[in-house]
Structure formats: C-alpha cells, structure tokens
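> no sequence on this one, just coordinates:
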C-alpha cells in the first residue's frame, strides 16, 4: 500500500533493494546522498543543483546553464539585504508578467485546477497566508491573519486568528490584499538592517526559528508557487 512520510528524518539511512517507482519527493534534502547501482528512467528532478555527478560526470554546469530559473533559484537564501532585494524584485517581475497574461485571458482560468492542484486564486490566497505567517505576524508583530488566507491542507484544521475558513473572496480582492502585502514587505526589506533584527522569532506552528529564515521562506514560497502556476497556466493555454 502506498504510504506518505511527512517531516521524517531519514538522514544517514540506507535503502537497499527498495522500490521507489512513481514515488514523489517534495521539499526533500538529498545533500550528500549517494545513489549506487540504481535504475533512473523517466525521472524528473527539479531543485537546486550543486556538485551533481551522474555516472562519473559532473553535470552541474550543464544543468544550471540551461536552467532559466538558476539566477533566482540560487539566491533564495541570501544573507544580505542586497541579495534579498534582488530576489524579491526578480520574483515580483515574474509574477507581474504572469498576472498580466492572466488579466487578458478568459476569467475562468483563475478558478481552473490542473491535475487536482490549487487554482491560481487558491495559490494566491495561500501566498497571502504564507506572508502573514512568516512576515506580518513574527516580524511586524501583527495579531491577526488576513481573513482570506489559505493554509496548507494539513494545517486547515488549526485555528488561525483572524482567518475565515468560509471566505470566498473575488479575484480582485485577492489581488488587492496581495498587492498591499507586497508593498509592505518590499518597503521593509529595502530599508532593513539585519543587525537590528532579533536573532530568532516565534512562528506559529513552527516554533522559534532564526529570523532570517522568515525572509527565506517568503522567497521560496513565492518562487515555487510561481513556477507551479506558470506550469498550470501553460496547460490552460497561457504560454
């Protein structure tokens, strides 16, 4: 029977004679892993590639030089304000380009799901929630979430202050809420000084985390969901 493993630590484990056919690995860390005598056919790998050796050949440079996302992908955990602003600006530009195409398309595309994944409206609502969870609440110390935010499915039974599980916002309302958040976040990071931030903050559900991690998670959420939406919009004819 298929099983799901979430937040399991398999570090230093050995898998011998196991079957991973049709398995899906999401948000997984394979740093330092060795795959020996394996069968890799029709395999898709998407992630940050460094020092990847296949059959004795280091393919890292080839992969990254052909990855249009590499400049952004490689700067999702910047340790400087300049790096953070650079990635945020690039992400905003990519999202604007996608949403401009959506604006001129059939309005139904914002509520169309591809292969059971979140629609564009749901995705943007999730990003509203993610911004609140990782920035508005822990960094700005606000007390409530945006009512229209959408948590991950595994967290939707949790009580989030201010969140309205029955909310059915219009796409215009979603865009307006997101734009307001982006203006605040962009203004904050452009003026901030890492030295003035606390070493750690408390994030609901995740506990105490390094403060810089909050900014990294915002970048990662925006990046990964952007690419999901570009993929799904292409399926709907928005190339």
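Nice, thanks for sending it over. All figures in this text were calculated on a predicted structure; none of them were measured in a lab.
> ranges for the strands of this protein?
53-54, 57-58, 200-203, 207-210 (DSSP state E).
> The third one: which residues count as buried?
Taking 16 or more other Cβ atoms under 10 Å as the neighbour-count basis, strand 200-203 is seen to contain the buried residues 201, 203. Backbone N, C-alpha and C define where each C-beta goes, glycine included.
> same deal with stretch 152-171?
160, 163, 169, 171.
> and that stretch, what's its mean pLDDT?
Mean pLDDT, taken over the full extent of stretch 152-171, equals 91.
> Show me the contact partners of that stretch.
The contact list for stretch 152-171 (Cβ atoms under 8 Å, 6 or more residues apart in numbering) reads 6, 107, 110, 121, 125-126, 129, 143-151, 177, 204-205.
> thought residue 92 was touching residue 186?
Yes. Counting by Cβ atoms under 8 Å, residue 186 is a contact partner of residue 92 at 7.2 Å.
> that older thread, could I get the buried residues of stretch 152-171 as JSON lines with distance to residue 226?
Formatted as JSON lines, the buried residues of stretch 152-171 follow (distance: Cβ to Cβ, whole Å):
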{"residue": "160", "distance to residue 226": "24"}
{"residue": "163", "distance to residue 226": "23"}
{"residue": "169", "distance to residue 226": "20"}
{"residue": "171", "distance to residue 226": "17"}
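> Any idea how far the biggest helix by length in the chain is from the middle of the chain?
Assignment by DSSP state H gives helix 211-235 as the longest helix of the chain. Here helix 211-235 is found 3 Å from its chain centre; the criterion is Cα atoms, centre = their mean, to the nearest Å.
> List the buried residues in that helix.
Buried-residue list, helix 211-235, by 16+ other Cβ under 10 Å: 211-223, 225-226, 229-230, 232-233.
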